[in-house]
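Asks: Here is my input; please provide its structure:
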Amino acid sequence: MNEAMQTASPRSCFLSIDQFANLFEVLHALDYEVIGPTLDQEAIVYDRVTSVEDLPRGWTDIQEPGKYRLEQRDDDALFGYVVGPHSWKQNLFPPVSTLSTADRTDEGWQFTEVEQELPKYAFLGVRACELAALKIQDRVFMEGPYVDPNYQGRRLQALVIAVNCTQAASTCFCTSMNTGPRCTAGYDLALTELPDGFVVEVATPLGETVIDALETQIATDENQRQAEAARQQAVDQITREFDTTDIRDLLLTNLEHPQWNDVAERCLSCTNCTMVCPTCFCSSVEEVSDLTGDHVERQRQWDSCFNVDFSYMNGGLVRNSIRNRYRQWMTHKLATWIDQFGTSGCVGCGRCITWCPVGIDLTDEVAAIRESQT
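Replies: The predicted model follows:
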């Protein structure tokens, strides 16, 4: 969706649960491939979904530092969970992509730029913190001097159907980052789930096209009251607080703080936090040859600042200890990212806390440094 096309005051309507099932047919008729939440390997992940039956009806996720598990709900909610290990960046910035190829011929090496496939995605179930993450990645990939054409091509034709959170995990802190839990911008449609349907906010002409193809009703005052109560429930459940006051200067003036040594003793440098982060964008490029040596592909792959080789340059490692790599990650995410992109690199989704095998919590690490200053 193009945020510039978003109306200042989205109109609202009510979509029954039966009509919601028809949404998939409407999206398919518009040639969208629908990516949404579904169950896989005991987690709620984002993958291709073809009907309402693919959604995680009646399931929720329980999250704590270093812990994630699914539980059956006592209702049939379709979006009654928080966020899982996947984010939408895997569809806009694929984990592996071939940029060009080289083939040995009788006339010498022939180089070919690979024309990227640009799927037309409809993202279903985007949460408020994820809308903020998409905005950050847009800034990185499309708004600087070097535009990534692959990301741009996928992003500009994507339809975004957001879903307001009606529950939160113990790892969520979007309220501290001012990114949620209410969806306020960056979507074509925003849904708030109720027991018998959805209150829908229509924000763009593209969203109008989709919703006009369904039978909707006027959203009553009672519908709006129920939706507001459902959204407030998520707000009330967020108990984690993250003090970001002067956080850039706090971290950059404490680069030799003993807390970095403390966290290094616990960190496994496994890269989980960067893989699940919806804003991390580090990648590396390498040439991959076939067994004959006559065909070579230049591939871009997700990488991580926690990998030892990521800081290899000029014959040596710049960050050869876990302490240095963790410090690099946190100070970039929460401090120098502000210098580079004008915003924090954290949206408060809590994925890095949940999916850290040893439960390292960046909000606790920052708090420990801050408390030592008082």
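
Asks: Not counting sequence-adjacent ones, nearest residue to residue 337?
Replies: residue 345 (3.7 Å; C-beta to C-beta, 6 or more residues apart in numbering). Every residue, glycine included, has its C-beta placed from N, CA and C.

Asks: I figured the one you found was touching residue 330, is that so?
Replies: No. Look at residue 345 against residue 330 with C-beta atoms under 8 Å: they stay out of range, at 9.9 Å.

Asks: next one: stretch 44-57 to chain centre, how far?
Replies: Counting by C-alpha atoms, centre = their mean, to the nearest Å, stretch 44-57 is centred 17 Å from the centre of its parent chain.

Asks: Can you list the neighbours in contact with it?
Replies: Contact with stretch 44-57 is made by 20-21, 24, 28, 33-40, 59, 61, 70, 76-79, 81, 84-88, 90-91, 123-125, as judged by C-beta atoms under 8 Å, 6 or more residues apart in numbering.

Asks: Among those, which ones are in helices?
Replies: Among the contacts of stretch 44-57, the members found in helices (DSSP state H) are 20-21, 24, 28, 90-91.

Asks: For residue 328, identify the helix or strand it belongs to.
Replies: Using DSSP states H and E, residue 328 sits within helix 322-331.

Asks: Could you pull out the buried residues of that helix?
Replies: By 16 or more other C-beta atoms under 10 Å, the buried positions in helix 322-331 come out as 322-331.

Asks: hang on, the residue nearest to residue 337 in a strand?
Replies: No. Assignment of residue 345 by DSSP: H, G, I helix; E, B strand; the rest coil gives coil, placing it outside any strand.

Asks: How many neighbouring residues does it have?
Replies: 22 (other C-beta atoms under 10 Å).

Asks: quick one: low-confidence ranges for the stretch 201-350 of the chain?
Replies: Across the stretch 201-350 of the chain, nothing is flagged by pLDDT under 70.

Asks: all strands of it, in order?
Replies: Along the stretch 201-350 of the chain, the segments classed as strands by DSSP state E, counting those that start in this stretch run 283-289, 295-302, 312-313, 316-317.

Asks: Which residue ranges of the stretch 51-200 of the chain form helices?
Replies: Here the stretch 51-200 of the chain has its helices, by DSSP state H, counting those that start in this stretch, at 89-92, 128-142, 149-156, 174-177.

Asks: so what does the helix of greatest length in the chain touch, helix or strand wise?
Replies: Ranked by residue count and defined by DSSP H, the top helix of the chain is helix 221-237. Counting contacts by 3 or more C-beta pairs under 8 Å, 6 or more residues apart in numbering; DSSP states H and E, helix 221-237 packs against strand 189-194, strand 197-202.

Asks: How about the residue in this structure that sits furthest from its center?
Replies: Using C-alpha atoms, centre = their mean, the residue of the chain lying farthest from its centre is residue 106. It sits 46.6 Å away.

Asks: that older thread, just the buried ones from the ones in helices among the contacts of stretch 44-57, in PyMOL syntax?
Replies: With 16+ other C-beta under 10 Å as the burial test, the buried ones among the ones in helices among the contacts of stretch 44-57 are selected in PyMOL as follows:
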select buried, resi 20+24+90+91
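
Asks: That concludes my questions; thank you for your assistance.
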